[in-house]
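**Student:** I need the structure of the sequence given here:
(one chain, ligands or ions: 2)
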Amino acid sequence: MNPLVAPESSARGGVTALSVNLNKVALLRNTRHLGIPSVTRAATAVLEAGAQGLTVHPRPDERHIRAHDVHDLAALLKEWPHVEFNIEGNPFHNLMDFVRAVRPHQCTFVPDTVGQFTSDHGWTFPQDGKKLKPLIAEAQALGVRVSLFMDPMPEAMAAARACGADRVELYTETYAQAHAAGKAAALLPSFEAAARAAIAVGLGVNAGHDLNRDNLTDFLRTVPGVQEVSIGHAFIADALELGYRETVHDYLRCIQRAFAPQGR
Ligand SMILES: CC(=O)[C@@H](O)[C@H](O)COP(=O)(O)O
Ligand SMILES: NCC(=O)COP(=O)(O)O
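**Tutor:** Numbering: from 1, shown residues only. Ligands and ions are numbered 1, 2, ... in the order given. Sure, this is the predicted structure:
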C-alpha cells in the first residue's frame, strides 16, 4: 500500500481528482436578474465532461455562490453518486449551517473574514487548533470529511492532524505566482515537504488557489499524494474561451501528464 496514495484516490489509481469551483459562474450570474449563466448547467456540463468533483465557497456576503446554489447543487448531485461535493468556508461564520443541512462529502475550513477579497492564508497552529477541534468533530459526526486550508508549512501538519482534520488543502497562490515568474523551482520544495509531512501524520492532501493549465502539471509532478485539486478562477476564465467540455478535458490532460512516465 503506497502511503502517498490514499484509499479514496486508489480507485483512480492514485491520480488526483479535479474538483471544479463554480464561484465565478455565480459571480457573473449575479450581475443581472436573469439567472444566466446557470450554476447547475455549468455543473452538469463539467461533470458530463469528466470532472470528479464540485467545489463552492458560499461566502456570507453572497457575492457569488448563494445559499440556493448550494442546495440546488446538492439536489443535482443526487444524480451523480460518485461525484464529490466540497463546500468551503469559515466554520465560525456560515459554513457549518451548510454542513448540517447538506452533509457534503467534504467541507474545507478556510479562515477568511466576511468581506475578504479572496482567500489568502491558512489556519495558524497551534493557536487555532483548540477552537477548530469541536467543529471538526461535529462535521465528521455528520459523515463529512474535513479539510483545513493551510499554508505549506511542514511544521504545522502534526497540529492540524491533532485537532482531528482528515486532510489539508495546500494554499497554492505563492506557487502560482512563482511559476508565472519562472521561479517555481525555488518554492516547490516547501510544498513537497508540507505534503510529505501531512502524509506522515495521516493527513490527506488537497491543493488549490490560482492553479491553472500552465502550473498544474509541474505542481502534481513534484508534490506527492495530492488527492484533489479544486480549481475555479482560471478554469472558468478558460471555459469562457474554450467551453466547459474542452476545458475539463484540458485540465484532466494536465493532471494525467503529471502521472505519466516522464518524457511522455
Ligand atoms: C479557498 C480558496 O482558495 C478558494 O477556493 C476560494 O473559494 C476563492 O474564493 P473566491 O472565488 O471568492 O476568490
Ligand atoms: N480551494 C481552491 C478553489 O476552490 C478554487 O480556487 P481558485 O482556482 O478560484 O483560485
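**Student:** Residue 37 contacts residue 27, correct?
**Tutor:** No: between residue 37 and residue 27 there is no contact under Cβ atoms under 8 Å: 9.8 Å. C-betas here are computed from N, CA, C, even on glycine.
**Student:** Which secondary structure state is assigned to the one residue sitting closest to the centre of the chain?
**Tutor:** Closest to where the C-alpha atoms of the chain average out (Cα atoms, centre = their mean) is residue 230, at 3.3 Å. Of the three states, residue 230 takes strand under DSSP: H, G, I helix; E, B strand; the rest coil.
**Student:** List the contacts of it.
**Tutor:** Neighbour list for residue 230: 19, 20, 21, 53, 55, 86, 88, 108, 169, 206, 207, 208 [criterion: Cβ atoms under 8 Å, 6 or more residues apart in numbering].
**Student:** Name the nearest residue to the residue of the stretch 1-150 of the chain found nearest ligand 2, ignoring sequence neighbours.
**Tutor:** Of all residues in the stretch 1-150 of the chain, residue 21 sits closest to ligand 2, at 3.6 Å by Cβ to the nearest ligand atom. Excluding its sequence neighbours, the residue lying closest to residue 21 (Cβ to Cβ, 6 or more residues apart in numbering) is residue 232, at 2.7 Å.
**Student:** Which strand residues bridge residue 205?
**Tutor:** residue 168, residue 226 (DSSP bridges).
**Student:** Show me which residues of the stretch 51-200 of the chain sit near ligand 2.
**Tutor:** Contacts of the stretch 51-200 of the chain with ligand 2, taken as Cβ under 6 Å from any ligand atom, map to 55, 88, 169.
**Student:** quick one: residue 17 from residue 54, how far?
**Tutor:** 11 Å (Cβ to Cβ, to the nearest Å).
**Student:** So those two - more neighbours on which side?
**Tutor:** Under the neighbour definition other Cβ atoms under 10 Å, residue 17 and residue 54 were set side by side, and residue 54 has more, 27 against 22.
**Student:** Identify the residues contacting the strand or helix carrying that one?
**Tutor:** Element membership of residue 54 [criterion: DSSP states H and E] is strand 53-56. Under the criterion Cβ under 8 Å, 6+ apart, residues 17-23, 26, 43, 46-47, 65, 69-70, 73, 77, 83-88, 105, 108, 208, 228, 230, 232 lie in contact with strand 53-56.
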